[in-house]
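Visitor: Pasting the sequence and the predicted model now:
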Amino acid sequence: MRTYLLFVTIAVAAAQSTSTTYTSDINGNRIAGGQVATKEGLITDLRQSINGKEVPLEQVEQKVLSKSGNTTVTERIIRHYGINGQVVATDRVVSEETAGANGDSTVKSTTYRSDVSGNMAPAERKTVETHKTGLATLTETSVEKPSLSGSFDVAEKRTLNSVPTGDGKKEDETVYLRDANGRLYEAQRSATVETHHGLETVSNTAVYEPGVNGNLSLVRQNVVKTTLKPDGSSVEESEIFGRASDGRAREAGSGPALTEKRITERSNGPGGAIVERQSIQLPSANDPGRLDAPRTVSETICRGECKKP
């Protein structure tokens, strides 16, 4: 049995907005889900408790601590709540962003995490450097985490190259992780080609990971087609290709198979609301090469200062 989780993200805005998500069960019945409220840099994600009352699931508070010249320091407090609405963990992320010439920038952030006693300690350090060379953009990310000795060591590195094309852009990203011997190895590589034709945008991302012999091979692919309509609404169709379902034999050397199709429709609702409906199609149990009919899994209604479709 497959389980699907819906994540709703709303950018911090000065004005107030409220986003309510409804999910559907296997019979298509509409079920009230969580609610996200944004006001003055404070985002609160609410859910229903076992007694039917709304309790916070997560709360994000963001503010600017200082700004001097090209450097801005921000603080983000993330509070995680338990089933009864009590705070069970807190993250504090302090970021320092320095803008350079020609679009270059450096962002250094430290995440402090609370323990069971509520004491805060550094849990992660991240540095993101962006460099512009002509039309190309190179983004290098380094993530450090505490080692067993207590010192911070590089746990992950990422390099992202983005180059605009005549009708879109090309991106190549490589992810390096640290193995058990402390060495960084190439854990993943992805290549994205994005093209624009009128009101239609197609993004094709191929992901490669090491196989049993250590060589990189294609493991999944995501093709997303987004179509804007004259009335401001949009339809996003995402085809996900990956490994076959558990228990199904595949020929050696065969590429990823179509495992899922997601359809996201965004439109203007009554009273200035923004409505987003998401449905999925899965391979048929009797014929894995054919997808079942679309099934609605969620509907999100946002009122207030919402991002237009």
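Guide: Nice, I can see it.

Visitor: Which parts of the stretch 151-300 of the chain are strands?
Guide: Using DSSP state E, counting those that start in this stretch, the strands of the stretch 151-300 of the chain run over 152-165, 168-178, 184-197, 200-210, 216-228, 234-242, 257-268, 274-281, 295-304.

Visitor: The last one pairs with which strands?
Guide: Sheet partners assigned to strand 295-304 using DSSP bridges are listed as strand 17-24 (antiparallel), strand 274-281 (antiparallel).

Visitor: and what of the second one?
Guide: Sheet pairing here is set by DSSP bridges, and for strand 168-178 it gives strand 152-165 (antiparallel), strand 184-197 (antiparallel).

Visitor: before we move on, back to that, would you format the strands paired with strand 295-304 as TSV with mean neighbour count, distance to Q188 and mean pLDDT included?
Guide: The way it works is simple: take the backbone N, C-alpha and C, and place the C-beta from them, glycine included. Conversion of these to TSV gives the following (neighbours: other C-beta atoms under 10 Å; distance: least, C-beta to C-beta, whole Å; pLDDT from 0 to 100):
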stretch	mean neighbour count	distance to Q188	mean pLDDT
strand 17-24	19	30	72
strand 274-281	19	25	93
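
Visitor: Turn those strands into JSON lines, including distance to T205.
Guide: As requested, those are arranged in JSON lines below (distance: least, C-beta to C-beta, whole Å):
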{"stretch": "strand 17-24", "distance to T205": "26"}
{"stretch": "strand 274-281", "distance to T205": "19"}
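
Visitor: could I get the strands paired with strand 168-178 as JSON lines with mean neighbour count, mean pLDDT and distance to C302?
Guide: Putting the strands paired with strand 168-178 into JSON lines (neighbours: other C-beta atoms under 10 Å; pLDDT from 0 to 100; distance: least, C-beta to C-beta, whole Å) gives the following:
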{"stretch": "strand 152-165", "mean neighbour count": "15", "mean pLDDT": "97", "distance to C302": "29"}
{"stretch": "strand 184-197", "mean neighbour count": "15", "mean pLDDT": "97", "distance to C302": "26"}
